[in-house]
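Chemist: What would the 3D arrangement of this be:
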Amino acid sequence: MSSARRIYVGSYTDAIYTLEFHPSPPDSHSPTLTLLGKTQVGSNSSWIARHPSDNSLVFVVLEQENGEIAVIKYGEEAEGVVIARAKSGGSDPCSLLATEDELLIGNYSSGTFATLPISTEAPFVLSPKPWTLSFPFERPGPNKSRQPSSHPHQTIFSTIDTTSAEKELLIPDLGADKVWRLKKGGDGHWTICGYVQCESGGGPRHIVTRGKTLYALLELTSRISVHPFPPIDMSPPQKSLSTLQTPPPTPHSMTTAEILLPETNAAFPDPYIYVSNRDDPSPEGDTIAIFSLANGETEPELVTEVRTGLKHLRGMYFGGEDSKWLIAGGVEGGGVKVFERVLGGKDLRVVASLGADVVPRPAGFLWA
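Modeler: Numbers count the residues shown, from 1 in each chain. You can find the predicted model right below:
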């Protein structure tokens, strides 16, 4: 029997919500999802990440003009305690990644990447002033309203060439149509060592890597672009495909938000890519598109599109044993839902949910 799992939910409110998901509760034939409590943090506490070796420490961005980072300490209680705060090094931080001794932060509106030294002991954030890096920006992109400047949207380590002692950091830049490649210099700071060029006007938001391939989710055109990695040259990708089975005529207001590629395992031996589409005008809500890699890692194929009943489906996250469960939320409606992977991962079915009156404006998730 699977045990209950806690899930932390970042939101476009002032709080982080603590949920409990039970796959097989003793008094029910169906999985349950329950609100246990919430932790007041600050305005737009949207993106959350845990410390890699201390699961009691959770880091949160406050996505606002004067960007901040908060550190929450969780114990047995559902509510955590904010134990530290710091500036994010820019405006509207929308992504962060925690290593053992460093926070890596993407500040969307100011176009800056920032780092903060951290510790698992007080004072937890070891410097009040972040180190920052601004990205090169040549000219506004084709989408004038969304690409007037650099907009770093994610900080993620490449899973390619994991044998190297030198980690490579990847940062998709929605404004520049590039995925920046960074490595640490001799001074201990990150430095740009190259980039992956995306389609003009695509607006890369998030990425995943597998084998020798990088997949970029293009928010502004609702497409996935497929890149050999490391890139052969600086030319745009030769292949991209829509995240929608029936794309509406352009221009349209639909965009994409999240891309996930869970590791294969005994329960799910075949790799699939999962993408959240958002702002679908359908009364059945936004969709999650599922791509098979059965034809090879450079040939993703859209095989399923799952209606979710969620509005503005922004964040989603896999968790539980064998990454069997997917939690997702609608910022503009529908609340939070947990889906079970079925048909070997080719499809999803809803097993539990909470309404928007219980968990308002959910944006990011973290399985405890």
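
Chemist: Follow the chain on from the helix or strand hosting residue 312 and name the next helix or strand.
Modeler: In the assignment (DSSP states H and E), residue 312 maps to strand 311-319. Later in the chain than strand 311-319, the nearest helix or strand by DSSP H and E is strand 325-333.

Chemist: Could you check the angle the next helix or strand after that following strand makes with strand 325-333?
Modeler: Scanning forward in sequence from strand 325-333 by DSSP H and E, the next helix or strand is strand 335-342. Interaxial angle of strand 335-342 relative to strand 325-333 (axes from the mean of the first three to the mean of the last three CA atoms, to 10 degrees): 150 degrees.

Chemist: What pairs with the helix or strand just after strand 335-342, parallel or antiparallel?
Modeler: Following strand 335-342 in sequence order, the next helix or strand is strand 347-354 (DSSP H and E). When sheet partners are counted by DSSP bridges, strand 347-354 sits next to strand 335-342 (antiparallel).

Chemist: Please point out which parts of the strand it pairs with sit buried.
Modeler: For strand 335-342, a neighbour-count test (16 or more other CB atoms under 10 Å) marks 335-341 as buried. From N, CA and C alone the C-beta is placed, and that goes for glycine too.

Chemist: ditto for stretch 187-207
Modeler: Of the residues in stretch 187-207, those buried (16+ other CB under 10 Å) are 190, 195-199, 202-207.

Chemist: can you tell me the average pLDDT over that stretch?
Modeler: Mean per-residue pLDDT for stretch 187-207: 96.

Chemist: Can you get me the start-to-end distance on that stretch?
Modeler: 28 Å (CA to CA, to the nearest Å).

Chemist: returning to that earlier point: now do the strand holding residue 312: distance to the chain's middle.
Modeler: On the basis of CA atoms, centre = their mean, to the nearest Å, strand 311-319 sits 8 Å off its chain's mean C-alpha point.

Chemist: for it, packing partners?
Modeler: On a contact count with 3 or more CB pairs under 8 Å, 6 or more residues apart in numbering; DSSP states H and E, strand 311-319 meets strand 5-11, strand 255-260, strand 272-278, strand 287-292, strand 325-333, strand 362-367.

Chemist: just to revisit the earlier point, looking at the buried residues of strand 335-342, which is nearest residue 155?
Modeler: Residue 155 has its nearest neighbour among the buried residues of strand 335-342 in residue 336, at 24.6 Å by CB to CB.

Chemist: picking up where we left off before, kindly reformat the buried residues of strand 335-342 as CSV containing pLDDT.
Modeler: As requested, the buried residues of strand 335-342 are exported to CSV (pLDDT from 0 to 100):
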residue, pLDDT
335, 98
336, 98
337, 98
338, 98
339, 98
340, 98
341, 98
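
Chemist: And the residues you listed, which two are furthest apart?
Modeler: 335 and 341 (20.3 Å).

Chemist: still on that earlier bit, within its sheet, name the partner strands of the strand holding residue 312 and how each one runs.
Modeler: According to DSSP bridges, strand 311-319 forms sheet pairs with strand 325-333 (antiparallel).

Chemist: Minimum distance to residue 113: which of the helices and strands packed on strand 311-319 has it?
Modeler: strand 362-367 (18.9 Å).

Chemist: tell me how far that closest one is from the chain's mean position?
Modeler: What separates the centre of strand 362-367 from the centre of its chain is 9 Å, taken as CA atoms, centre = their mean.

Chemist: In terms of secondary structure, what does it contact?
Modeler: Helices and strands touching strand 362-367, by 3+ CB pairs under 8 Å, 6+ apart, are strand 5-11, strand 48-50, strand 311-319, strand 325-333.

Chemist: CSV please, covering these and showing mean pLDDT and mean neighbour count.
Modeler: Formatted as CSV, the helices and strands packed on strand 362-367 follow (pLDDT from 0 to 100; neighbours: other CB atoms under 10 Å):
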stretch, mean pLDDT, mean neighbour count
strand 5-11, 98, 22
strand 48-50, 97, 21
strand 311-319, 97, 22
strand 325-333, 98, 24
